[in-house]
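A.B. asks: any chance you can model this:
(2 chains)
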Amino acid sequence: METCAIFKRREAVLNKKKIYPQWFVIIPLLLYILFFLFPSLMGVFYSFTDWSSRTAMNGLHFVGLQNYTDIFTSNKDYTSGILNTFRFTIISNIVKIIPALFLAIMLQEGLKGKGIYRTLFYLPSILPFVIIGLVFRSILNYNNGLLNASLDAIGLGILKQKWLSDLGTVWGSIFGVDAWRGIGYVMTIFLAGLNAIPKDYYEAAEIDGANFWHKLWYVTLPMMKGAIMINLVFGITYGLKVFDIIYVLTNGGPGHATEVITTYAFQLYSEGQYGMSTALNTILLLVTAVIGVAIVKVMSRKEAGQS
Amino acid sequence: MLTIEEVPNTDQFKGQELSILVSAGWMDNRYDATISRFEDTYGCTVDLQTIPADQYSDILQSDLENGTCPDIFWIQSNPFAIDSVIVDPEKYCIDFSGADWQNVMPTSRQASCMSGDKLYGLQIWHNSPEYVMVYNKTLFNELGITSVPTTYDDLKKDCATIAAKGITPWFMPGADGWQHQLSFFQIGGVYQEDQPTLYDDLNNNKATFADNKKMLEVLGQFKELSDAGYFGEDWIGTDSTNMSNEFGDRKCAMAMANSSFIKQIQDDTGTKDEYGLFLIPLGDNTWYPTNPAGPTMFGYKGTKNADLVKAFFQFVCTPDSLQEILDNSPAYTNLDVNVNIEQHWLPEEEEFMKTVDPSKMGISVLQTGTKYTNDYWMDFGADMVSFCQGTMEANDVLKNMDTNRAKSAKTAGDPNWK
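C.D. replies: Numbers count the residues shown, from 1 in each chain, chains lettered A, B, ... in the order given. Got it, this is the predicted structure:
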């Protein structure tokens, strides 16, 4: 009987231990539901209404899929805004992840002053977008910007460009500034991944006669899958939600050349067309959710395969 | 000329408080002295609630809706704004019909203060030439350009002469996003002249911007000047920050600006060059950019101090107050009122006004003469840039304006768009 009572007490203690962490979850979960999930679902709901700046006077009406139909059929080229968002997501990740990987490898090796380089590369990512926008709009100004003035000064005036107002160069300028800002951050995550790779693997590979590329392909990249995946997830969600860097550099211009989903959503909101604006944001939410779930599934499958 | 007298003081307002809700920039310091005299005259106090411009509209709408609006509120009015911003003036505004001060405002401004035949608002604003061409008269003379261009062909010839000297003929700050489209909208009279019922038809949804030949012609001329480089090498990427210096350094010869910009050039750069004004010559325009829009004050119908509100409106319209308001507004050279006050017109303004045919001052600029147009100012500007860069057709620029206006009309429940 006594043994049975001890077991019961232990079971109760164990159950308490199991329950204990759930209490921890409740508060953040409530906050998450209240400040993220609920507003997001409200946003989805409002995307099916004619919510506007005049709703207080006219009332709110259900309009079905009208806002979504308008997005894909109106004269205003929202579709190119959606395509530009995908374009930014893909290219901005390529121009950040690949150079950041090589920078990380370079700074992982015994480079003199690598701590200073790491700091210098990381610094731009802590600058506010508004400051970056002001600085680069000034640097990239055609008439009196630092870049064109420097090109002139070294006799390369022929390379001068209208960096932010020419259709052929504006996206390149945006990708360039975004890479300048973001490479250090991506590199830092890669450095953490590189630090976790045991040195023995490289020594073994060297004994087998592997050169730099062999080591990169057969040791570094397979061992860095986790870091690459993290950077990809962060990069893709950042790319799909992109707003600040476009807003501060071009505000969607010249004309509508660099409009993305969020700049259109912002404009619609400013015009008081909240329903249309939330419809655009809902599209963004859906795309982000689908891509996010897909990435998580791929990651889970790979983790399951490894175990 | 009218002379309005203040309401006699019989201590009827002693101890009362008058609250005023206004957006930053609409009253500023120019009403301070008048408000102070009003307080002294009637023994009351004025609670001035100045709200940052970007939050003002939301706060006003919420106050009107919740019945918590101060005694007096302001809106940026135009002939259509009362119905589109206040929506139900009968419910929210004191009816001032028959007030002595109504004719203090010129008829064109009264349109921005009335809904139907009822007077609701008071608009005291200046009437300086807004966004006409400011040009360097000395430079023009030195280049042998003896008269200002009055037609598009003249303008092109003069631009070619100026550009040949390595000077930007027409400084166009496209990166600001809101300036370049003024060249299209400020010449509303030419569109109406070409199609005499155009404004009414646009307001009744019987006409469209799309396919309007004169508008297409003006857009085409704008693109031609852009393609020729007459707006500068990179007008799309240039903002107005450095505009006065460009004038002072003689790097440009003309630009669209207000008459007060002349003083700014002289103050900023110390230039001794003479400057002048002329009408924007796109579309061979000869129409003055009459714009009856401006900050306008209204009395809140739910106020407990209706008589005090009425006394304040009357007090503002007295010659002493109007003179005080003008004298305390360094940026303005005049007040557009039918009251005998001492205006401070600039010599350049007076010279320019003499060149304008008075019969060509009766039509409003396109953006405030037609409903729902001004709401899409920035969109239209971006579309114009796309057109100049060859990614959009001129008629699509106009079609987008029609689509946007229809959207606003639908939201406003405008019966003409049903």
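
A.B. asks: need the three-state assignment for the residue in the stretch 101-250 of chain A that chain B sits nearest to.
C.D. replies: Per Cβ to the nearest Cβ, A:Ser165 is where the stretch 101-250 of chain A lies closest to chain B, at 3.2 Å. Yep, even glycine has a C-beta here, placed from its N, CA and C like the rest. Under DSSP: H, G, I helix; E, B strand; the rest coil, A:Ser165 falls in the coil class.

A.B. asks: the closest residue to it other than its chain neighbours: neighbour count?
C.D. replies: Excluding the flanking residues, the one nearest A:Ser165 by Cβ to Cβ, 6 or more residues apart in numbering or on different chains is B:Gly237, at 3.2 Å. Around B:Gly237 there are 25 other residues, counting by other Cβ atoms under 10 Å in any protein chain shown.

A.B. asks: ditto for B:Pro196
C.D. replies: When neighbours are counted by other Cβ under 10 Å, B:Pro196 registers 9.

A.B. asks: around chain B, pick out the residues from chain A.
C.D. replies: A:50, A:52-54, A:56-58, A:74-76, A:141-144, A:162-165, A:167, A:251-257, A:267, A:271-273 (Cβ under 8 Å from any Cβ of the partner chain).

A.B. asks: my guess is B:Ala47 is in a strand, correct?
C.D. replies: Just to correct that, residue B:47 is Asp rather than Ala. Yes - counting by three-state DSSP, B:Asp47 is located in a strand.

A.B. asks: that one against B:Leu21, yeah?
C.D. replies: No - using Cβ atoms under 8 Å, B:Asp47 is not in contact with B:Leu21; the gap is 9.5 Å.

A.B. asks: anything in contact with each of those two?
C.D. replies: Residues touching both B:Asp47 and B:Leu21 (Cβ atoms under 8 Å, 6 or more residues apart in numbering or on different chains): B:Pro70.

A.B. asks: quick one: low-confidence residue ranges for the chain.
C.D. replies: Since no chain was named, I'll use chain A. A:1-4, A:7, A:10-20, A:56, A:110, A:302-307 (pLDDT under 70).

A.B. asks: wrong one, I was asking about chain B
C.D. replies: B:54.

A.B. asks: kindly report the residues of it close to chain A.
C.D. replies: B:57, B:61-62, B:65, B:87-88, B:174-175, B:177, B:232-234, B:236-238, B:242, B:375-376, B:378-379, B:382-383, B:385-389, B:391-392, B:396, B:399-400, B:403-404, B:407, B:411-413.

A.B. asks: which members of these occur in strands, if any?
C.D. replies: Using DSSP state E, no member of the residues of chain B next to chain A falls within strands.

A.B. asks: which among these count as buried?
C.D. replies: The neighbour count (16 or more other Cβ atoms under 10 Å in any protein chain shown) marks B:57, B:61, B:87, B:174-175, B:177, B:232, B:234, B:236-238, B:242, B:375-376, B:378-379, B:382-383, B:385-389, B:391-392, B:396, B:399-400, B:403-404, B:407, B:411-412 as buried among the residues of chain B next to chain A.

A.B. asks: sort out for me which of those residues are in helices.
C.D. replies: Of the positions in those, B:57, B:61, B:378-379, B:382-383, B:385-388, B:396, B:399-400, B:403-404, B:407, B:411-412 sit in helices, assigned by DSSP state H.

A.B. asks: next one: the residue lying closest to A:Asn58 once chain neighbours are set aside from B:Thr208, what distance?
C.D. replies: Leaving out its chain neighbours, the residue that sits closest to A:Asn58 by Cβ to Cβ, 6+ apart is B:Gly413, at 6.4 Å. Counting by Cβ to Cβ, to the nearest Å, the gap from B:Gly413 to B:Thr208 is 20 Å.

A.B. asks: now do B:Glu5
C.D. replies: 49 Å.

A.B. asks: swap in B:Met353?
C.D. replies: Applying Cβ to Cβ, the value for B:Met353 to B:Thr208 is 34 Å.

A.B. asks: thinking again about what came up before, and the gap between the residue nearest to A:Asn58 and A:Asp50?
C.D. replies: For B:Gly413, the distance to A:Asp50 equals 11 Å [Cβ to Cβ].

A.B. asks: quick check: phi and psi on B:Phe73?
C.D. replies: Main-chain torsions, B:Phe73, degrees, to the nearest 10: phi -130, psi 160.

A.B. asks: please name the bridge partners of it.
C.D. replies: With DSSP bridges applied, B:Phe73 shows beta-bridge pairing to B:Leu21, B:Phe298.

A.B. asks: please enumerate the strands of the stretch 151-300 of chain B.
C.D. replies: B:168-171, B:252-257, B:275-278, B:294-299 (DSSP state E, counting those that start in this stretch).

A.B. asks: any chance of these in a markdown table, with mean neighbour count too?
C.D. replies: Below are the strands of the stretch 151-300 of chain B laid out as a markdown table (neighbours: other Cβ atoms under 10 Å in any protein chain shown):
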| stretch | mean neighbour count |
| --- | --- |
| strand B:168-171 | 25 |
| strand B:252-257 | 25 |
| strand B:275-278 | 22 |
| strand B:294-299 | 22 |
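
A.B. asks: and of those, who's closest to B:Gly98?
C.D. replies: strand B:294-299 (14.1 Å; Cβ to Cβ).

A.B. asks: for that closest one, name the packing helices and strands.
C.D. replies: Here strand B:294-299 touches strand B:17-23, strand B:72-77, strand B:121-122, helix B:306-316, going by 3 or more Cβ pairs under 8 Å, 6 or more residues apart in numbering or on different chains; DSSP states H and E.

A.B. asks: can you tell me which of these is most buried?
C.D. replies: strand B:121-122 (a mean of 27; mean count of other Cβ atoms under 10 Å in any protein chain shown).

A.B. asks: can you list the strands that that one pairs with?
C.D. replies: By DSSP bridges, strand B:121-122 pairs with strand B:294-299 (antiparallel).

A.B. asks: what is the end-to-end distance of stretch A:189-200?
C.D. replies: 22 Å (Cα to Cα, to the nearest Å).

A.B. asks: outside of stretch B:227-239, which residues touch it?
C.D. replies: A:141-143, A:162-165, A:253-254, B:156, B:159-160, B:163, B:168-176, B:180, B:225-226, B:252, B:385, B:388-389.
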